[in-house]
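Visitor: Dropping a prediction and its sequence here:
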Amino acid sequence: MLDARVIRTLKSILGSENVVTAKEDLLCYSFDATAGMPEHAPDVLVTPHSTEQVSAVMKTAARHRIPVYPRGAGTNLSGGTIPLRGGLVLSTLKMNKIIEIDPENLIAVVQPGVVIQHLNEAVAPYGLLYPPDPGSMATATMGGSVAECSGGLRGLKYGVTRDYVMGLEVVLASGEAVRFGGKTVKNVTAYDMVRLFTGSEGTLGIITEITVRLIPAPPARVTMSAIFKDLTGAGRSIEGIIKNKVIPATMEIMDRVTMETVENHARVGLPIQAEAILLIEVDGIPEVVQKEASIVQEVVAKNGGEVRVAANDQERDRLWAARREALPALAQKRPTTILEDATVPRSKITEMLLAIQEIGRRYNLIIGTFGHAGDGNLHPTILTDARDREEMERVHKAVDEIFKTAISLGGTLSGEHGIGLAKSRYLPWEIGTGGVNVLKKIKEALDPQCLLNPGKMVACGEDQK
Ligand SMILES: Cc1cc2nc3c(=O)[nH]c(=O)nc-3n(C[C@H](O)[C@H](O)[C@H](O)COP(=O)(O)OP(=O)(O)OC[C@H]3O[C@@H](n4cnc5c(N)ncnc54)[C@H](O)[C@@H]3O)c2cc1C
């Protein structure tokens, strides 16, 4: 419980309506979209409207040594927003203004609570696009996605969130607001602090304003599905398409378990007798797009796949809806859905796909795999029941093996979902204890009292004892 004086101070900063202390309301903030995590309710929820308010809240928290957990829509998949030590959840959902759209300079400036899809709807009339598009873009916020450095379905050609963040305003643990980067295309002033805060998972500062780069929306696109009798054909096609110098905007995979589940859930006409499907979209100038589509078709045919081209917008929308349904559909099969984020160099994708299947068989677990296969970014999704202790032990062992395999193939712990609470114990496997110590030094320098999102990514304060 927080001291009544602290609550009074918060109410005087924010107004009573923006300070929530009712237990039943706080329960909703004790978890996020990550399954199998411990639940902890905060002592208080605050919903500021401005940088000045965030700054004043942070100064109060620093004075009283209260942990602060920044939160956007809570859709992260790494336990990133769970208030492990109680304290204060700071929701950015009321900081949801698009401050500026500058079509001449291809730039937008937003508050952190703007929903990603709303930004895209706002820039579309200018013929512009903000490319990062996580599957959750209809609810996820710009602040949360910058803090996670989210990827998405267009990552193969267009990269991830960090490739679009040009400038940030951040409130530090002390309550001081600082700005880094800005609107210029070139900016090499001092350390690249924009990159440091992008992907910092709420552990280094609270992002209060974001300047992003936009691109001209591609004028044409062709969407195809490629159906395979085996995973090897799908993996070879991914490698072959890139080797042939075609970089599709998206190249998504769904395995048989995922397809069957989506089909049972939504009846979208997926080929459930097949072993895998790739959803491939090429975009750009019409003539180039047609050429690239025919190269894709040739490569897929050579690898034993069958290509279907979406004939119209309805067919295209149906295919993408099927892919976006993957996680919600899988989540209905068993009570607990543990979605992982193992990523390997593209040339190792077939090996990784086969290894995940083998691990599933060995531990007798249902694992559906889908994801951004063109980036080597797979989401093996374990369908389980957190109440079944024996099964959960097998799940933990399988997850350990999945990450060990990814790293041994030259891959990484996270292609896009971050480290958070879920994967902090694996960090030394990838960056070694030396690397972890560097992260700790950065954390200590910027947040010496360990107030910002403690317990996530790297240990700080009491957690180190
Ligand atoms: C169905 C589904 C599909 C998904 N698909 C994808 C996908 O394709 N690609 C992908 O990368 N992710 C995906 N995700 C994960 C998630 O949606 C993204 O990471 C998203 O960008 C998080 O945004 P959020 O607003 O929900 O952030 P939250 O979950 O609220 O927060 C995420 C992290 O950011 C911190 N944070 C939030 N706001 C701020 C701020 N203003 N300042 C500092 N720190 C802050 C939090 O403390 C937390 O550590 C998916 C999730 C779901 C449920």
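Guide: Perfect, I can see it now. Numbering: from 1, shown residues only.

Visitor: And the contacts of stretch 435-446?
Guide: Applying C-beta atoms under 8 Å, 6 or more residues apart in numbering, the set of residues contacting stretch 435-446 from outside is 172-173, 196, 203-205, 427-428, 431, 450, 457-460, 464. Every C-beta, even on glycine, is put in place using the N, C-alpha and C of the backbone.

Visitor: Among those, which one sits closest to the ligand?
Guide: Closest approach between the contacts of stretch 435-446 and the ligand, by C-beta to the nearest ligand atom: residue 205, at 6.6 Å.

Visitor: From residue 278, how far off is the closest one?
Guide: Between residue 205 and residue 278 the distance, using C-beta to C-beta, to the nearest Å, works out to 39 Å.

Visitor: for residue 165, same thing?
Guide: Residue 165 sits 30 Å away from residue 278, going by C-beta to C-beta.

Visitor: The two - which one has more neighbours?
Guide: residue 278 (27 against 24; other C-beta atoms under 10 Å).

Visitor: Secondary structure element for that one, which one?
Guide: With secondary structure defined by DSSP states H and E, residue 278 is part of strand 276-284.

Visitor: Any residue of that strand touching the ligand?
Guide: No. Strand 276-284 lies out of reach of the ligand by C-beta under 6 Å from any ligand atom, never closer than 13.3 Å.

Visitor: partners of that strand in the sheet?
Guide: Looking at strand 276-284 with DSSP bridges, its paired strands and their directions are strand 220-228 (antiparallel), strand 250-255 (antiparallel).

Visitor: can I get those strands in TSV with distance to residue 353?
Guide: Putting these into TSV (distance: least, C-beta to C-beta, whole Å) gives the following:
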stretch	distance to residue 353
strand 220-228	11
strand 250-255	7
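
Visitor: Out of the ones you listed, which is closest to the ligand?
Guide: strand 250-255 (9.6 Å).

Visitor: what comes into contact with the closest one?
Guide: Strand 250-255 is contacted from outside by 153-154, 156-157, 231, 234, 238, 241, 262, 270, 275-281, 322-323, 326, 353, 357, 368-374, 378, using C-beta under 8 Å, 6+ apart.

Visitor: Just the ones in helices from those, please.
Guide: When DSSP state H is applied, the contacts of strand 250-255 are split such that 156, 157, 231, 234, 238, 241, 262, 322, 323, 326, 353, 357 fall in helices.

Visitor: which two in the residues you listed are spaced the farthest apart?
Guide: The widest separation within these, taken as C-beta to C-beta, falls between 157 and 357 and amounts to 27.9 Å.

Visitor: Contacts only, for residue 224.
Guide: Residue 224 is in contact with 279, 280, 281, 293, 296, 297, 307, 308, 309, 310, counting by C-beta under 8 Å, 6+ apart.

Visitor: if we take those, which one ends up nearest to the ligand?
Guide: When the contacts of residue 224 are compared against the ligand (criterion: C-beta to the nearest ligand atom), the nearest one is residue 279, at 13.3 Å.

Visitor: so how far is residue 324 from the closest one?
Guide: On the measure of C-beta to C-beta, residue 279 and residue 324 end up 10 Å apart.

Visitor: And the two? Which one has more around it.
Guide: Each of residue 279 and residue 324 had its neighbours counted (other C-beta under 10 Å), and the higher figure belongs to residue 279 (23 against 18).

Visitor: ok, residue 3 - how many residues close by?
Guide: Residues contacting residue 3 under the criterion other C-beta under 10 Å number 11.

Visitor: Need the pLDDT of the residue nearest to it when sequence neighbours are not counted.
Guide: Closest residue in space to residue 3, ignoring its immediate chain neighbours: residue 64 at 7.1 Å, by C-beta to C-beta, 6 or more residues apart in numbering. Per-residue confidence at residue 64 stands at 97 (pLDDT).

Visitor: Same question for the one 3 residues further on.
Guide: What the model reports as pLDDT for residue 67 is 98.

Visitor: Distance check, it against residue 83.
Guide: With distances taken as C-beta to C-beta, residue 67 is found 7 Å from residue 83.

Visitor: Compare those two and say which is more crowded by neighbours.
Guide: Each of residue 67 and residue 83 had its neighbours counted (other C-beta under 10 Å), and the higher figure belongs to residue 83 (26 against 22).

Visitor: distance of that one from residue 330?
Guide: Relative to residue 330, residue 83 is positioned 27 Å away (C-beta to C-beta).

Visitor: Can you give the domain ranges for the chain?
Guide: By the assignment in the TED database, the chain contains the domains 4-93, 98-216, 220-409.

Visitor: The shortest one near the ligand at all?
Guide: Spelled out, it's domain 4-93. Yes. Under the criterion of C-beta under 6 Å from any ligand atom, domain 4-93 makes contact with the ligand via 32-33, 69-77, 80-81, 92.

Visitor: and the residues you listed, which two are the farthest apart?
Guide: By the measure C-beta to C-beta, the residues of domain 4-93 next to the ligand have their two most distant members at 77 and 92, which lie 18.5 Å apart.

Visitor: So what does whatever residue of the stretch 301-450 of the chain ends up closest to the ligand look like in phi/psi?
Guide: When scored by C-beta to the nearest ligand atom, the stretch 301-450 of the chain has residue 416 as its residue closest to the ligand, at 3.3 Å. For residue 416, the backbone dihedrals (degrees, to the nearest 10) come out as phi -160, psi -20.

Visitor: Test my guess that it contacts residue 342.
Guide: No. Using C-beta atoms under 8 Å, residue 416 and residue 342 do not qualify as a contacting pair, with a distance of 11.1 Å.

Visitor: Identify the contacts common to those two.
Guide: Going by C-beta under 8 Å, 6+ apart, no residue sits against residue 416 while also sitting against residue 342.

Visitor: how about the closest residue to the ligand within the chain, secondary structure?
Guide: Closest contact between the chain and the ligand, by C-beta to the nearest ligand atom, is at residue 144 (2.0 Å). In the three-state summary, residue 144 is assigned as helix, counting by DSSP: H, G, I helix; E, B strand; the rest coil.

Visitor: Right, I'll leave it there.
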